[in-house]
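Peer 1: got a sequence here, can you model it:
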Amino acid sequence: TSPGSLSSNAYNGHVFWDAETWMYPAVLLFNPDLAYSMLQYRVEHLVGARAKAASYKKGYRGAMFPWESAYTGIETCPTSAPTGQLEQHISSDIVLAAQQYYILTKDDSWMKSSGWDLISQICEFWISRVTRNTDNSYSINGVIPPDEYAVNVDDSVYTNFATARSLNVCIDVAKRFGLDAPVSEWSDIAQNLRIPFDEARGVHPEFVGFKGQTIKQADVILL
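Peer 2: As a prediction, the model looks like this:
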């Protein structure tokens, strides 16, 4: 489901985070079977997501879904745009959709099989993606948040929050079904991933070093 929907050729019909974040809740409520197929599209392209993670040659593991996806499931974002390399929160957005599907349908069979393959491999990516700091906190450096005016920034509050949330979803599923998983590692990262917060102003800055510059959209309202 492209941001341009079926009524236009916008974005070349590619699938973005819009599918899971903005469109999915309504689709799930009105047509759970269609919502299932949207998640299965991601499941069926796990091979491409694993290949994308490995392509960075930085030791990334698991499933890192492309920013723009089409029939093949490989990255289709133009190489001239940095979003294809750096806008990585989409993988966590997919976990959110999987959680919503399970909450509504209580489809244990799917969650223990295809759903678990999907979300656990995304969590495997995130634990390989974080950097451990000297104070034992964790950072995710060098990303583009939903605010695409911010390029190659560290500790995007939305990206980090969504990552921690994804890890907690995986922990809950592993415990519910008794699945083998590195729960202690996931928990450590989820609890200690840096979520930027300005104590003096009582607000979350968009990322480390944010100085009130012009933004494309307000990421913090998505938390």
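Peer 1: run a quick neighbour tally on residue 201.
Peer 2: Neighbour count for residue 201, taken as other CB atoms under 10 Å: 8. Glycine gets a C-beta too; all of them are placed from N, C-alpha and C.
Peer 1: let me fix that, I meant to ask about residue 140.
Peer 2: Residue 140: 20 neighbours (other CB under 10 Å).
Peer 1: same thing with residue 142?
Peer 2: Neighbours of residue 142 (other CB under 10 Å): 16.
Peer 1: tell me who's in contact with it.
Peer 2: Contact analysis of residue 142 by CB atoms under 8 Å, 6 or more residues apart in numbering lists 86, 152, 153, 154.
Peer 1: if I look at residue 32, how far off is residue 102?
Peer 2: As judged by CB to CB, to the nearest Å, residue 32 and residue 102 stand 11 Å apart.
Peer 1: higher neighbour count, those two?
Peer 2: In this view residue 32 and residue 102 are compared by other CB under 10 Å, and residue 102 has more residues nearby, 20 against 14.
Peer 1: which stretches of the chain form helices?
Peer 2: Using DSSP state H, the helices of the chain run over 18, 24-30, 32-43, 46-55, 83-86, 90-105, 108-110, 116-129, 157-177, 183-192.
Peer 1: residue 220 is nearest to which of these?
Peer 2: Evaluated with CB to CB, these place helix 157-177 nearest to residue 220, the distance being 6.0 Å.
Peer 1: tell me what that closest one is packed against?
Peer 2: In this structure, helix 157-177 makes packing contacts with helix 90-105, helix 116-129, helix 183-192, judged by 3 or more CB pairs under 8 Å, 6 or more residues apart in numbering; DSSP states H and E.
Peer 1: which regions of the protein lie under the pLDDT threshold?
Peer 2: Regions of the chain meeting the criterion pLDDT under 70 cover residues 1-14, 16.
Peer 1: give me the most central residue, it.
Peer 2: By CA atoms, centre = their mean, the chain has its centre lying nearest to residue 92, at 2.0 Å.
Peer 1: most remote residue from the protein's center?
Peer 2: Distance-from-mean max, the chain, by CA atoms, centre = their mean: residue 200 at 29.7 Å.
Peer 1: isn't residue 174 up against residue 185?
Peer 2: No. Residue 174 is beyond contact range of residue 185, at 11.6 Å (criterion: CB atoms under 8 Å).
Peer 1: picking that back up, OK, contacts around the closest residue to the residue nearest to the centre of the chain other than its chain neighbours?
Peer 2: Once flanking residues are discounted, residue 92 sits nearest to residue 162: 3.6 Å by CB to CB, 6 or more residues apart in numbering. Residue 162 makes contact with 89, 92, 93, 96 under the criterion CB under 8 Å, 6+ apart.
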